[in-house]
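>>> just coords:
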């Protein structure tokens with residue numbers, strides 16, 4: 001086990017993609033294996049030593065940045081594989097420090113895929129599990145939660161918990177967790193409002209008869225330390241092609257996306273192709289990209305991007321089906337970019353990922369942080385939510401753009417302030433959006449988590465009572481109250 005107290009070394013761990021600058025730590029601990037994790041947690045509990053878990057540093061909510069105490073980096077817990085083929089399919093067990101891109105490359109070499117596709121492929125799988133990360137292909141494959149078959153979790157008590165999906169289910173509201181000590185930890189699941197969205201990364205998972213595995217997915221390091229993860233792998237499709245489709249009217253693009261969602265839900269005649277991902281860019285996003293991509297049609301006011309997987313002998317039929325579908329929406333071939341080979345698909349991938357990169361460059365130039373939302377609402381509420389976004393944004397006079405995962409009714413509104421006054425105005429808008437999303441049955445965070453900077457918005461969603469319910473469960477699993485203090489809910493809710 002490495003223990004470092006050099007401030008110059010520690011400083012490199014006091015940042016992520018959030019811009020949070022209030023981190024502080026006087027000690028960095030890097031365990032080599034699960035045994036060392038358990039040993040240190042046991043000692044830290046006895047000392048009441050605050051511990052903040054550090055993953056890949058790609059998060060945007062300051063989850064890995066400590067407010068005080070010890071940084072606990074899992075970077076050496078990077079064991080991977082081998083891939084196991086079972087009667088139910090294929091799976092692999094990995095350490096929390098394994099990078100997403102490493103797993104995807106390994107799966108690809110075996111003719112398999114790992115379904116979740118978070119944008120930041122250098123992120124760790126432990127971080128993905130801790131926030132229930134999703135990404136573009138969530139439209140078909142769902143978030144990380146749907147691909148976790150098992151977890152090993154080290155508790156701050158020095159006990160471990162090994163869970164396999166389907167083997168430890170709540171009895172109604174009652175969870176009974178078998179610990180390595182032989183003790184059974186029995187408690188009521190957190191009582192939280194039900195949601196009507198397909199993805200959520202805001203606080204603890206809770207549902208009647210829930211699988212205990214799900215309590216630890218999205219817990220942002222507050223309940224235990226994940227030391228191993230068993231993940232489901234799927235057969236790779238024979239091929240994939242990509243499309244970018246440009247609309248002269250944003251309202252038509254939104255309506256078209258709803259029809260594509262219906263294909264996934266089985267409302268369209270079969271066999272109808274349904275995409276693995278369905279993304280959106282508005283006019284302001286396109287305008288920001290035009291200098292880099294001058295072939296964007298001059299009249300385009302919105303864009304839908306999708307990826308279509310296909311099996312052998314399906315490609316031509318699916319290409320024809322999509323061409324006919326968009327022609328029926330009044331589009332011509334100049335408004336559709338098809339990408340069938342690797343080079344073309346990489347061009348469209350670059351087109352999609354150039355947007356956040358360009359936004360970040362603009363933010364650095366202006367010298368003020370962007371204000372970016374991460375909200376999702378149920379399908380039926382989405383048109384009204386879009387109208388609310390645009391009406392309030394247009395009235396504000398602020399610079400903004402909207403893009404993201406329209407397939408899951410989950411868009412990112414990025415407001416780009418120029419000065420402190422505009423920044424405060426943007427923050428006020430963010431709160432309006434959060435209140436509206438919650439009123440429509442949505443979530444204040446669909447994929448990025450709460451961390452240390454979104455407590456207030458989570459309270460809008462679950463109320464003071466919901467925050468206290470999550471704090472209650474934390475106190476049961478982490479009785480010394482040492483793990484990731486400040487994540488998800490305020491420290492003031494934790495009473496020793």
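Here it is on my side, so go on. These numbers come from a predicted model, not from an experiment.

>>> list the contacts of whichever strand or helix holds residue 435.
Using DSSP states H and E, residue 435 sits in helix 420-439. Applying CB atoms under 8 Å, 6 or more residues apart in numbering, the contact partners of helix 420-439 are 368-369, 371, 373, 375-377, 385, 388-389, 392-393, 396, 398, 413, 415, 417, 443-444, 456-457, 460-461. Just so you know, the C-beta spots here come from the backbone N, C-alpha and C atoms, and that holds for glycine as well.

>>> rerun at 6 Å
Residues from elsewhere that reach helix 420-439 (CB atoms under 6 Å, 6 or more residues apart in numbering): 368, 371, 373, 375, 377, 388, 392, 398, 415, 417, 444, 457, 460-461.

>>> again, but for stretch 319-333
Residues from elsewhere that reach stretch 319-333 (CB under 6 Å, 6+ apart): 245, 256, 273, 336.

>>> number of nearby residues for residue 233?
By other CB atoms under 10 Å, the residues close to residue 233 number 23.

>>> that one against residue 90, yeah?
Yes: under the criterion of CB atoms under 6 Å, residue 233 makes contact with residue 90 at 4.2 Å.

>>> neighbour-wise, which of the contacts of stretch 319-333 leads?
Greatest neighbour count in the contacts of stretch 319-333, by other CB under 10 Å, goes to residue 256: 23 neighbours.

>>> secondary structure element for it?
helix 250-265.

>>> elements contacting the longest strand along the chain?
The longest strand of the chain (DSSP state E) is strand 225-235. Packing partners of strand 225-235 (3 or more CB pairs under 6 Å, 6 or more residues apart in numbering; DSSP states H and E): helix 34-47, strand 89-94, helix 125-131, strand 148-154.

>>> how distant is the following helix or strand past it from the center of its chain?
Per DSSP H and E, the first helix or strand lying C-terminal to strand 225-235 is strand 239-247. Its chain's C-alpha centre lies 23 Å from the corresponding centre of strand 239-247 when counted by CA atoms, centre = their mean, to the nearest Å.

>>> sheet-wise, list the partners of strand 239-247 with their directions.
Note on strand 239-247: by DSSP bridges, its sheet partners are strand 302-310 (antiparallel), strand 336-339 (antiparallel).

>>> and the gap between residue 436 and residue 461?
With distances taken as CB to CB, to the nearest Å, residue 436 is found 12 Å from residue 461.

>>> which residues are common contacts for the two?
Counting by CB under 6 Å, 6+ apart, residue 436 and residue 461 have no common neighbour.

>>> which of these two has more residues huddled nearby?
residue 461 (25 against 18).

>>> still on that earlier bit, in the helix holding residue 435, what's buried?
Neighbour counts over helix 420-439 (16 or more other CB atoms under 10 Å) mark 422, 423, 425, 426, 429, 430, 433, 434, 436, 437, 438 as buried.

>>> just confirm residue 207 is within a strand.
No: assigned with DSSP: H, G, I helix; E, B strand; the rest coil, residue 207 falls outside any strand and is coil.

>>> phi and psi next, for it.
Dihedral pair for residue 207: phi -160, psi 150, per degrees, to the nearest 10.

>>> the one 5 residues further on too?
The phi and psi torsions at residue 212 (degrees, to the nearest 10) take the values phi -60, psi -30.

>>> run a quick neighbour tally on it.
Other residues close to residue 212 by other CB under 10 Å number 22.

>>> for it, list the residues it contacts.
163, 168, 175, 177.

>>> for it, give me the pLDDT.
The model reports residue 212 with a pLDDT of 98.

>>> give me the number of residues near the closest residue to it other than its chain neighbours?
Of all residues not flanking residue 212 in the chain, residue 168 sits nearest, at 4.1 Å (CB to CB, 6 or more residues apart in numbering). By the criterion of other CB under 10 Å, residue 168 has 18 neighbours.

>>> next: residue 316.
By other CB under 10 Å, the residues close to residue 316 number 9.

>>> can you say which helix or strand has it in it?
According to DSSP H and E, residue 316 maps onto helix 315-328.

>>> give me the angle between that helix and strand 302-310.
160 degrees (axes from the mean of the first three to the mean of the last three CA atoms, to 10 degrees).

>>> which ones are touching residue 159?
Per CB under 6 Å, 6+ apart, neighbours of residue 159: 179, 180, 181.

>>> need the residues you listed in TSV (columns: neighbour count and distance to residue 38).
Formatted as TSV, the contacts of residue 159 follow (neighbours: other CB atoms under 10 Å; distance: CB to CB, whole Å):
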residue	neighbour count	distance to residue 38
179	16	12
180	15	9
181	12	11
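
>>> what sits up against the longest helix anywhere in the chain?
Taking DSSP state H as the criterion, the chain has its longest helix at helix 342-366. With contacts defined as CB under 6 Å, 6+ apart, helix 342-366 is touched by 242, 244, 285, 288, 292, 339, 370, 403, 414, 418.
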